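Peer 1: Next comes the sequence, and after it the predicted model I'd like to discuss.
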Amino acid sequence: MKAAVVPAVSSSWQIKDVPQPQPGPNQVLVKMHASGICYTDVHLTLGHFPGPFPRILGHEPVGEIAAVAPDVTTRQVGDRVGSAWIQSTCGRCEWCQRGRRMFCPYMKGTGIEAQGGHAEYMLMNADATYLIPDEVSYEQAATIFCAGYTVYSGLRWADPQPHERVAVLGIGGLGHLAVQYAKAAAAISARMKSSATARALPLQAVRTSSSAPPIRRSPWWTAFRDYGQTAG
Ligand SMILES: [Zn+2]
Ligand SMILES: [Zn+2]
């Protein structure tokens with residue numbers, strides 16, 4: 001299959017023929033239909049995040065399942081699916097048990113430890129896939145698996161209540177989705193609780209994580225923290 005390979009840190013992407021992967025336990029093989037690109041692809045190309053090279057990036061991958069491993073029962077050939085940037089975590093460390101899988105030191109990230117979506121085919125862990133409704137196009141769905149997932153996570157952590165209001169800092173690639181999600185959530189809350197407003201401070205949840213106990217964290221966490229400090 002053809003794939004966009006990043007051979008080494010800071011090198012240009014190269015379209016190469018690489019072996020087509022075969023699904024192992026708990027995996028599905030997905031024929032890619034769309035693979036979003038965001039600025040994290042630049043960070044990953046420049047080696048700002050730990051992980052092996054060569055890399056096949058692409059952490060906003062969507063497509064149609066072409067094959068499933070024999071032990072997979074929840075997905076089938078022909079399903080329209082996508083996957084976010086966590087392929088798997090250990091499920092045993094303190095972060096996993098707190099429900100903060102993104103800090104798991106053993107996390108396998110899409111496009112890092114696991115091959116990403118900038119290729120004709122990609123392996124996804126079956127339990128890391130999400131079914132895409134037929135009325136949502138692949139192109140529309142792809143970026144939801146990074147930008148949309150990120151802002152939804154912020155809203156979910158903030159747990160806005162029906163009487164509260166939402167503040168979204170920066171209306172860019174992520175922020176415009178946060179506004180739409182918050183509006184949709186407020187509409188749902190309004191129906192349920194007779195209130196038309198909700199409040200969320202997505203950055204608050206991120207800040208509180210820096211005061212967590214000093215236990216082993218994902219290399220990603222450290223990279224994000226260090227990048228945030230150098231970027232001011
Ligand atoms: Zn873990
Ligand atoms: Zn992204």
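Peer 2: Structure received. Ligands and ions are numbered 1, 2, ... in the order given.
Peer 1: Flag the shaky bits of this protein, pLDDT-wise.
Peer 2: By pLDDT under 70, the low-scoring segments of the chain are 187-232.
Peer 1: Spell out which parts of it neighbour ligand 1.
Peer 2: Applying the criterion C-beta under 5 Å from the ion, the portion of the chain that neighbours ligand 1 consists of 89-90, 93, 96, 104. All C-beta spots, glycine's among them, are computed from the backbone N, C-alpha and C.
Peer 1: Let's have the residues you listed in TSV, adding neighbour count, secondary structure and distance to ligand 2.
Peer 2: Supplementary listing: the residues of the chain next to ligand 1 in TSV, determined by neighbours: other C-beta atoms under 10 Å; DSSP: H, G, I helix; E, B strand; the rest coil; distance: C-beta to the ion, whole Å:
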residue	neighbour count	secondary structure	distance to ligand 2
T89	21	coil	18
C90	14	coil	23
C93	20	coil	24
C96	18	helix	22
C104	24	coil	19
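Peer 1: What is the most widely separated pair among those?
Peer 2: Longest distance between any two of the residues of the chain next to ligand 1 is 7.8 Å, between T89 and C93; criterion C-beta to C-beta.
Peer 1: Common neighbours of the two, please.
Peer 2: For the pair T89 and C93, residues contacting each of them under the criterion C-beta atoms under 8 Å, 6 or more residues apart in numbering are 104, 106.
Peer 1: Quick one: name the residues of this structure near ligand 2.
Peer 2: On the criterion C-beta under 5 Å from the ion, ligand 2 has as its neighbours in the chain the residues 38, 40, 146.
Peer 1: Just the endpoints, please. Distance across stretch 27-43?
Peer 2: Across stretch 27-43, the terminal residues are separated by 27 Å (C-alpha to C-alpha, to the nearest Å).
Peer 1: Stretch 126-142 now?
Peer 2: Across its full length, stretch 126-142 reaches 17 Å end to end, with C-alpha to C-alpha as the criterion.
Peer 1: got the buried residues for it?
Peer 2: Taking 16 or more other C-beta atoms under 10 Å as the neighbour-count basis, stretch 126-142 is seen to contain the buried residues 126, 128-129, 132, 138, 141-142.
Peer 1: is it true that T150 touches L174?
Peer 2: Yes: with contact defined as C-beta atoms under 8 Å, T150 counts as touching L174 (5.8 Å).
Peer 1: thinking again about what came up before, just give me the closest of the residues of the chain next to ligand 2 to G111.
Peer 2: Sorting these by distance to G111 puts T40 at the head of the list, at 8.4 Å, by C-beta to C-beta.
Peer 1: ok, that closest one to A3 distance?
Peer 2: 18 Å (C-beta to C-beta, to the nearest Å).
Peer 1: Which of the two has more residues huddled nearby?
Peer 2: A count of neighbours by other C-beta atoms under 10 Å puts A3 above the other of T40 and A3, at 25 against 17.
Peer 1: For the more buried one, name its beta-bridge partners.
Peer 2: Counting by DSSP bridges, A3 is bridged to K16, A119.
Peer 1: Can you tell me how far it is from V81?
Peer 2: Applying C-beta to C-beta, one obtains 19 Å for the distance of A3 from V81.
Peer 1: repeat for R165
Peer 2: Shown here: R165 relative to V81, a distance of 35 Å by C-beta to C-beta.
Peer 1: When the two are compared, which one has more neighbours?
Peer 2: When R165 and V81 are compared on other C-beta under 10 Å, the one with more neighbours turns out to be V81, at 21 against 12.
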